[in-house]
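[1] Please work out how this folds:
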Amino acid sequence: MNNSNNADTNVRIETRGGAFLWTYSLLVFSQILFGSNQILARLIEGAVPPIGLSFWRWIVATLVVLPFTLKYLKPYMPLVLKEWRIYVGCAFCLIVLGNTTIYIALNYTTAINGAIVSSVQPAITFAMSWLVLRELVSKGQIAGAMITIMGVLVIISQGDLAILIGLRPNPGDLWMIVSVMGFSLYAVLLQKLPSAVPAVLTLNVIQLLGIILLLPFYAFETVYIRPMELNQVTITAVLWAGTIVAVAALGLWNYTNRRLGANVASGTVHLRLVAITVMAIVILGESLEIFHLIAFVIIMIGVFAITKAKPQK
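    Numbers count the residues shown, from 1 in each chain. Presented below is the predicted three-dimensional model:
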């Protein structure tokens, strides 16, 4: 049985009784916790080096999870080593592309902008599922993906066509697109990991590999840009990002993703948008502009088309 069939089977199993509702609730909660990460990034804008924050948060997260994985190392490590390429791919997509770029992006763009760009994740996940897992697609799904791209262009241009024509988009929005692509590919690659390996061990292995992959980027930032200072702001930021986001949010998302499938899990990203928008207005004092609403409506129409369209046989 292939991985896509396994995902379908898991969905059927989870829909029995209240199991699906519980799993879906955990998925929603993980999106809210993920949203706090973007608010944190805006709160500390410029105060903490972005790669340094990402590097140390993953060290904290790895140390927090490690005690719970030790008992699984001996029986499952041979299987992990056998599939090491997929684990490295997951670590690169999640930690280097998916997470670190968020901290870079939010030095240039608003939390609301970043949240709306992130809402295109279901469309990107759909495209990655087709490329990696060879899942069948329909014309309706392709049309939906094109519509979501239009929504992202509205955000990048801030509703001003002259910005696109003059090729002057906000660099933060472009970095957010890189982040979304990383998260989407990570969601798809999770489906290729061996299901026999406990989720907590999978998480810890990905964290450790991510630290190794980030090390050269962190060294470059430290030497040529600026080092990570030890102060109250950096400690608070690292602890929050390392425990609440990198452990709690990611652990819940990994758990629910592997049971509901990448497409279903990514479909809740719009809930993260709502949480980030509310927090950005209340905590950061950001304002909701007309072009934000236009972009969100366009993207949601595209996401609806993708999720509702039946794949071709």
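
[2] ok, so what distance separates the residue positioned nearest the centre of the chain from I102?
    Nearest to the geometric centre of the chain sits F183, at 3.9 Å (C-alpha atoms, centre = their mean). To I102, F183 is 9 Å away according to C-beta to C-beta, to the nearest Å. C-beta coordinates here come from the backbone N, C-alpha and C atoms, glycine included.

[3] pLDDT weak spots in the stretch 51-200 of the chain?
    Filtered on pLDDT under 70, the stretch 51-200 of the chain yields the residue ranges 133-141, 156, 158-169.

[4] what ranges do the helices span in it?
    Taking DSSP state H, counting those that start in this stretch to define them, one finds helices in the stretch 51-200 of the chain at 84-91, 101-105, 111-118, 121-128, 139-157, 161-165, 171-190, 199-224.

[5] Can you give the contact residues for the third one?
    The one in question is helix 111-118. By C-beta atoms under 8 Å, 6 or more residues apart in numbering, the surrounding residues in contact with helix 111-118 are 35, 38-39, 41-42, 102, 105-106, 151-152, 155-156, 170, 172-173, 176-177, 179-180, 269, 272-273, 276-277, 279-281, 284, 286, 288, 292, 295-296, 299.

[6] redo that, cut-off 6 Å
    38-39, 42, 105-106, 152, 155, 173, 176, 180, 273, 276-277, 280, 286, 292, 295-296 (C-beta atoms under 6 Å, 6 or more residues apart in numbering).

[7] ok so, going back, columns distance to T243 on top of the helices of the stretch 51-200 of the chain, output as a markdown table?
    A markdown table is the format used below for the helices of the stretch 51-200 of the chain (distance: least, C-beta to C-beta, whole Å):
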| stretch | distance to T243 |
| --- | --- |
| helix 84-91 | 19 |
| helix 101-105 | 17 |
| helix 111-118 | 21 |
| helix 121-128 | 24 |
| helix 139-157 | 31 |
| helix 161-165 | 39 |
| helix 171-190 | 20 |
| helix 199-224 | 12 |
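
[8] The stretch 201-313 of the chain: helices as residue ranges?
    Under the criterion DSSP H, counting those that start in this stretch, the stretch 201-313 of the chain contains helices at 232-239, 250-260, 262-266, 269-279, 290-308.

[9] Burial-wise, tell me which of those comes out on top.
    helix 262-266 (a mean of 25; mean count of other C-beta atoms under 10 Å).

[10] if I look at the residue lying closest to L66 once chain neighbours are set aside, how far off is W58?
    Excluding its sequence neighbours, the residue lying closest to L66 (C-beta to C-beta, 6 or more residues apart in numbering) is N204, at 6.1 Å. For N204, the distance to W58 equals 11 Å [C-beta to C-beta].

[11] Also L185?
    To W58, L185 is 18 Å away according to C-beta to C-beta.

[12] And for T243?
    To W58, T243 is 11 Å away according to C-beta to C-beta.

[13] of those two, who's got more company?
    Neighbours per residue, other C-beta atoms under 10 Å: of T243 and W58, the larger number sits with W58, 28 against 16.

[14] Show the contacting residues for the more buried one.
    207, 210-211.

[15] Can you add distance to V48 and give these back as JSON lines?
    Below are the contacts of W58 laid out as JSON lines (distance: C-beta to C-beta, whole Å):
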{"residue": "Q207", "distance to V48": "20"}
{"residue": "G210", "distance to V48": "18"}
{"residue": "I211", "distance to V48": "17"}
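
[16] follow-up on the earlier one: right, and the residue nearest to the centre of the chain touches G98 too?
    Yes. F183 is in contact with G98 according to C-beta atoms under 6 Å; the separation is 4.1 Å.

[17] got JSON lines for the helices of the stretch 201-313 of the chain, with mean pLDDT and distance to Y87 too?
    Below are these laid out as JSON lines (pLDDT from 0 to 100; distance: least, C-beta to C-beta, whole Å):
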{"stretch": "helix 232-239", "mean pLDDT": "92", "distance to Y87": "24"}
{"stretch": "helix 250-260", "mean pLDDT": "80", "distance to Y87": "13"}
{"stretch": "helix 262-266", "mean pLDDT": "65", "distance to Y87": "17"}
{"stretch": "helix 269-279", "mean pLDDT": "79", "distance to Y87": "24"}
{"stretch": "helix 290-308", "mean pLDDT": "75", "distance to Y87": "28"}
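
[18] now the ones you listed as JSON lines including distance to A47?
    Shown next, in JSON lines, are those (distance: least, C-beta to C-beta, whole Å):
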{"stretch": "helix 232-239", "distance to A47": "5"}
{"stretch": "helix 250-260", "distance to A47": "24"}
{"stretch": "helix 262-266", "distance to A47": "31"}
{"stretch": "helix 269-279", "distance to A47": "18"}
{"stretch": "helix 290-308", "distance to A47": "26"}
